[in-house]
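*Asks:* 3D model of this:
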Amino acid sequence: MACPDLAGKRILLTQADVFMGPVLGDVLRRCGAEVLGSTATLVEPDAADHLIEQSGELDVLVINLGVPAPSTTADKVADEEWRLMFERMVDPLQRLVRAALPGMMERQRGRILLMGSASALRGMKRASSYSAARGAQLAYIRAVGVEVARHNIQVNAIAQNFVDNPTYFPAEIQANPAFQDRLKREVPLGRLVSAEEDAQFAAYLCSDAASCFVGQIFPVCGGWAD
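*Replies:* Model prediction:
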């Protein structure tokens with residue numbers, strides 16, 4: 001698969017060691033980008049500000065935030081679980097964007113891409129806390145995207161599910177016959193989207209060729225969600 005041209009782009013990738021981080025880092029580098037990979041959880045209130053300041057001038061910010069999804073029924077979701085989902089996935093998103101925007105607005109250019117979840121696009125049983133946090137992410141991206149488009153800053157998200165990654169679909173789950181049956185039953189594609197396919201699309205959205213997208217949510221889920 002041909003790489004989008006990212007030569008000369010400085011890209012900050014968060015949580016580069018989990019979720020889609022490893023494959024994103026590999027693909028973005030193969031496409032010519034200079035990738036600054038952070039492995040911080042970014043839970044502390046000032047962590048995002050420090051990371052953006054230390055990273056220097058950025059062309060692209062790829063916000064990859066993952067946490068294992070609980071499988072708690074809605075009537076059993078404790079306050080601690082609810083707060084954890086937002087603490088790990090929503091608060092860092094807002095802080096990262098808030099910290100990155102002033103520099104991008106000054107330069108009148110930039111890209112911000114969230115690696116989100118299609119769980120916010122379709123109801124899932126036993127996933128209320130996780131889906132709520134992922135839904136907040138997508139609503140935030142839509143709002144910020146239309147706000148900063150006039151500054152030549154493109155803010156978008158990939159909403160994925162059934163994409164091969166070690167955080168949500170480790171090898172033991174993929175090998176389970178019940179999961180294989182679920183794939184055939186629920187996913188029109190009939191298989192997991194490969195990590196490479198997902199990362200190549202992310203690389204395209206980071207490139208100059210994707211300058212027309214504003215606050216858009218792109219499902220990458222093999223047809224599982226519209």
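
*Asks:* Show the low-confidence segments of the chain, by residue range.
*Replies:* 1 (pLDDT under 70).

*Asks:* longest helix in it, by residue count?
*Replies:* Secondary structure assigned by DSSP state H gives helix 128-148 as the longest helix of the chain.

*Asks:* partners of the helix or strand following it, with directions?
*Replies:* Next along the chain after helix 128-148, taking DSSP states H and E as the criterion, comes strand 153-160. Each strand paired with strand 153-160, and its direction, by DSSP bridges: strand 110-117 (parallel), strand 217-220 (parallel).

*Asks:* chain center to strand 153-160, what's the gap?
*Replies:* Mean C-alpha position of strand 153-160 versus that of the full chain (Cα atoms, centre = their mean, to the nearest Å) differs by 8 Å.

*Asks:* That strand to helix 128-148, inter-axis angle?
*Replies:* 160 degrees (axes from the mean of the first three to the mean of the last three Cα atoms, to 10 degrees).

*Asks:* Arg29 falls within a helix, correct?
*Replies:* Yes. Per DSSP: H, G, I helix; E, B strand; the rest coil, Arg29 lies within a helix segment.

*Asks:* what sits against the nearest residue to it once chain neighbours are set aside?
*Replies:* Nearest residue to Arg29 in three dimensions, chain neighbours excluded: Val35, at 5.3 Å (Cβ to Cβ, 6 or more residues apart in numbering). C-beta coordinates here come from the backbone N, C-alpha and C atoms, glycine included. By Cβ atoms under 8 Å, 6 or more residues apart in numbering, the contact list for Val35 reads Ile11, Leu12, Leu13, Ala16, Gly25, Leu28, Arg29.

*Asks:* most tightly surrounded among the strands paired with strand 153-160?
*Replies:* Greatest average neighbour count among these goes to strand 110-117 (a mean of 27), per mean count of other Cβ atoms under 10 Å.

*Asks:* Just the C-alphas of that strand, formatted as PDB.
*Replies:* The C-alpha atoms that make up strand 110-117 are tabulated as PDB, following Å, rounded to 0.1, in the frame of the first residue of the first chain:
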ATOM      1  CA  GLY A 110      -2.200  22.200  11.600                       C
ATOM      2  CA  ARG A 111      -3.900  18.800  11.900                       C
ATOM      3  CA  ILE A 112      -5.400  17.100  14.900                       C
ATOM      4  CA  LEU A 113      -6.600  13.500  14.600                       C
ATOM      5  CA  LEU A 114      -8.300  11.500  17.300                       C
ATOM      6  CA  MET A 115      -8.200   7.700  17.300                       C
ATOM      7  CA  GLY A 116     -11.700   7.200  18.700                       C
ATOM      8  CA  SER A 117     -14.200   4.500  18.900                       C
END
